[in-house]
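Novice: everything below, folded, please.
(chains A, B and C)
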Amino acid sequence: MTHASKAIPITGLGCLCAAGGTVPEVAETLFAGQRNVQYRPARGHHYPVFQLASEDVPPGYFEGPECERCGRLAVTAAREALGHAGLTDEHLQARTVGVCIGTTVGSAMNNEAFYRLFRDGRMPGIEPIRRYLRTNPASMVARAFGLTGPCQTIVNACSSGSVAIGHAGAWVKAGICDVAIAGGADMLCNVIHAGFLSLLITDSEPCRPFDRNRQGLNLGEGAGVVVLESEQSVRQRDAVVQARLCGYGNACDAYHISAPEPTGRGLKQAIALALAEAQIAPNEIDFINAHGTGTPENDRVEGQVFPELFPGVPFSSTKGFTGHTLGASGGIEAVIAALCLQRKQVVANIGFEEPDPEFPGRPVVENTPIRGRYGLSDSVAFGGNNAVLILQEADA
Amino acid sequence: MIGTKLAIAGVGLVGGFGTGKQAMLDVLSNGGRPNATVDVNGPSGPRQLPVYQADVDGARRFISGGAWRRMNRFGKLAVLGASLALEDAGWSAPLDREDVGLIVASGYGASKSTFDFLDSMLEDDGRCPSPTLFSNSVASSAASHLSIVLQSSGPCLTATQFEMSPLSALLTASTWLREGRVNAVLFGAVDELCPVLSYSYERFFAEQACGPIEPFRWDKQTAVMGEGAAFLLLTSDEGAGRTYGHIDQLLWTRSARWVAPRDEALVIGADGHRCYAEQYQCLSENHSVRTAYTPLYGSLPGGQAFDLAIAALAAKVGQGPDRVWSAKCDAEGNCGVAACRFASDRD
Amino acid sequence: MNIAQKLKQVIVEDLNLDEVTPDEIKDDAPLFGEGLGLDSLDAVELVVVVKRHFGVEIKDMSEGREAFTSINALTRFIEEHTQG
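Specialist: Numbering: from 1, shown residues only, chains lettered A, B, ... in the order given. The predicted model follows:
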């Protein structure tokens, strides 16, 4: 199987999450090693969550319906990314612009208030349904910027954001669109929180990726978006390239609906595919942004796979700063990976103190200088979908 | 518009018309109609609404007992449609392959499972939400179940873009095949009935939700709820085996801008929803050869996958044209177009 | 109905085990892996089953692992943790 090998320019980055309301703020928080944890009540306890700071919440966010919020987060991140890319309304109207957004909550009709009334036979009004039909996240982004290219909302659980970026890259490469806005958006939600609590994979403390005593994940919210652009479009407007997407791999464990395959075969397959597309060897990867949720199973798999395939390559999870933002995580972490390439520095894996003897992998505990040519970001999804992105520095 | 060549090697369908190709060919000859009713309670009192309801029992032969007990009905619909498409193509399952992509397009996703999980969350004062129901409530659950049943480790995607889900998914299938990322794509649409959907139809449309579906009636609401799965096995060329033909163009456009080629058959996805009537009227009114297959399977967002499957089947047995343009519109004014060149058994 | 009998019934019902009846579940047979063949998702579902039907909370899977070895072990756990 052969793959096309041309790297796709990334011209804009946008991000908001617990670590900050913009990309520069997120960068500052991460490289300063600062953790912004809040606590939310659930089932008689208080659980750490990574929610947006009040000042970073987009205007109108809490006034509007809840089902609109993932889309609003996506629009906010897209606005920052388009601004960063220098793409004006005029540029956008003159180009075919696609939108590819990964999400979990943004696609689900899980309006608790509506459903309580419905199941009690109280015949709720149908405005929530009407709104749900109008708040598809990719459609909201397209509407916000007057875009008429293809839209796709992707629901691949925790790999959604990475998959969205990978697919959008393929659309640009195939000439389906000149520009693509791609990433992920998700919000904190009681229903989802209840679900993860029921699986007994959450931590009642701030999460500890790869740590021996890790108990599970903390949920987070936010959006992370990149602008992918064809070389022709970049040349036409003399745009500045921030990084390049040079490899994407996607593979399934085909193992279990909720547990990762213990040898990491799906993750290894996705890594191999991404490396093949990038046409680089494993030893050319300078760092890895791990999925690193802090669950016993996920971190064990990555903690085995990374040292096996990438001996000596620094890796870290940034979920200690963002929480697990589900469908947004791949998008947010692609932005973080691009920042690490630009700064030639990997962010420390906050929350890690004691190594786990069950696997050889040890994340970096300090911000670590790197050569900064290639970075890998992986997302390992519930249900066994593995997505891997390889980014390349802008001036390769 | 992108030129492509997605050969259709196999077709699998399940819905209110029954299970499999022959069931669809029977309603194609004799006409389709709702096969069940659901009870719904609205401000006007209780009512029974007709629906096109699928039977998932046919999926049992493809799913082991251990997997069956855990799988949601949404997943069973997907496995049934996909397995029938593989069977039709002469492929055996499990696949045990890395080079087949799986794409599930859905309008409403695993909504019924979401509400089942909400039930478990709201009962017992919220103390006992079910992790199994939660695992099934994510829209990606069908694709996950499919990858496990088929033992397919290739790329996998779930797209939820309401009526544009199938077309957006086909764009991705096309890029996967063109890049050589896969050698085949099992692509399908799955949508499922649930009580909240029935309630929505009752509240939005009341007695007008009783149909029958009149796709070319622009002044009236005539949609009738449907569910099911329609899958196509797509490959990049027609190879040595006989296929149904291929999809050769895909277009994401605006309904107001697209004009169908005048002398070629047009299949529109109009399914009786009045809010889309103007768009479908605009693109089909002066067209000489036009049809709509929605009365055969019902109103559901993933309908374009059904339209393509039915058009392929119809052409194969000489009951439909071999050059077809399929068009589906959404609430944003988008129109997804797929052009097909089919083969018949006479060729 | 004693605890063991009720456990078998709710396990069959709530885990959708349609290929086995409550009477066919042996009290000392393994529940996971061999025997009944339950897996990790069944384990967390079983935590919910025990809470829902017996009011007993299993806080995490290290506590659950011991209790879930067999019907007998789970019965003992419920008896030890039931008030009154």
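Novice: helix or strand next in line after the helix or strand of chain B with the lowest mean pLDDT, which one?
Specialist: Of all helical and strand segments in chain B, the minimum by mean pLDDT, DSSP states H and E falls on helix B:65-70, at a mean of 90. Moving toward the C-terminus from helix B:65-70, the next helix or strand (DSSP states H and E) is helix B:73-88.
Novice: which strands and helices sit next to that following helix?
Specialist: strand B:2-15, helix B:111-122, helix B:141-150, strand B:184-191, strand B:228-235 (3 or more C-beta pairs under 8 Å, 6 or more residues apart in numbering or on different chains; DSSP states H and E). Every C-beta, even on glycine, is put in place using the N, C-alpha and C of the backbone.
Novice: for the record, mean pLDDT for whichever helix in chain A runs longest?
Specialist: The residue-count maximum for a helix in chain A (DSSP state H) belongs to helix A:69-85. Helix A:69-85 shows a mean pLDDT of 98.
Novice: could you say what helices and strands it packs with?
Specialist: Counting contacts by 3+ C-beta pairs under 8 Å, 6+ apart, helix A:69-85 is packed against strand A:8-17, helix A:137-145, strand A:179-186, strand A:222-229.
Novice: ramachandran angles for C:Asn72?
Specialist: As for C:Asn72, its main-chain torsions (degrees, to the nearest 10) stand at phi -60, psi -50.
Novice: repeat for A:Gly249
Specialist: A:Gly249 adopts backbone torsions of phi -140, psi 140, taken as degrees, to the nearest 10.
Novice: now for B:Val190: which residues touch it?
Specialist: B:74, B:77-78, B:81, B:104-106, B:142, B:228-229, B:302 (C-beta atoms under 8 Å, 6 or more residues apart in numbering or on different chains).
Novice: what helices and strands are in contact with the helix or strand of chain A with the lowest mean pLDDT?
Specialist: Within chain A, confidence by mean pLDDT, DSSP H and E is lowest for strand A:38-42 among all helices and strands, at a mean of 88. Secondary-structure packing of strand A:38-42 (3+ C-beta pairs under 8 Å, 6+ apart): strand A:45-49, helix A:190-198.
Novice: does chain C sit close to the shortest one?
Specialist: No. For strand A:45-49 and chain C, the contact criterion (C-beta under 8 Å from any C-beta of the partner chain) is not met; the two come no nearer than 10.7 Å.
Novice: and for that strand, what's in contact with it?
Specialist: Contacts for strand A:45-49 (C-beta under 8 Å, 6+ apart): A:37-41, A:188, A:193, A:197, A:202-207, A:218-220, A:323.
Novice: what angle sits between it and helix A:190-198?
Specialist: Calculated by axes from the mean of the first three to the mean of the last three C-alpha atoms, to 10 degrees, strand A:45-49 forms an angle of 110 degrees with helix A:190-198.
Novice: how about the residues of the stretch 1-150 of chain A near chain C?
Specialist: Counting by C-beta under 8 Å from any C-beta, the stretch 1-150 of chain A has no residue next to chain C.
Novice: what's the closest of the helices and strands packed on helix A:69-85 to C:Thr21?
Specialist: strand A:179-186 (42.8 Å; C-beta to C-beta).
Novice: and the gap between A:Thr202 and A:Gly44?
Specialist: 14 Å (C-beta to C-beta, to the nearest Å).
Novice: ignore the last one, B:Pro166
Specialist: From B:Pro166 to A:Gly44 the distance is 45 Å (C-beta to C-beta).
Novice: more neighbours: which of these two?
Specialist: B:Pro166 (33 against 7; other C-beta atoms under 10 Å in any protein chain shown).
Novice: circling back to that earlier point, most tightly packed of the helices and strands packed on helix A:69-85?
Specialist: strand A:179-186 (a mean of 35; mean count of other C-beta atoms under 10 Å in any protein chain shown).
Novice: report the rounded mean pLDDT for it.
Specialist: The pLDDT scores in strand A:179-186 average 98.
Novice: one more: stretch A:285-300?
Specialist: 98.
Novice: contacting residues for the residue lying closest to A:Gly83 once chain neighbours are set aside?
Specialist: Leaving aside its sequence neighbours, A:Gly83 sits nearest to A:Gly12 (C-beta to C-beta, 6 or more residues apart in numbering or on different chains; 7.3 Å). Contact analysis of A:Gly12 by C-beta under 8 Å, 6+ apart lists A:80-87, A:226-227, A:242.
Novice: now do A:Gly12, the pLDDT please.
Specialist: 98.
Novice: ditto for the one 4 residues further on
Specialist: In this prediction, A:Leu16 carries a pLDDT score of 98.
Novice: surely it meets A:Val75?
Specialist: No. Taking C-beta atoms under 8 Å as the definition, A:Leu16 is not a contact partner of A:Val75, at 10.7 Å.
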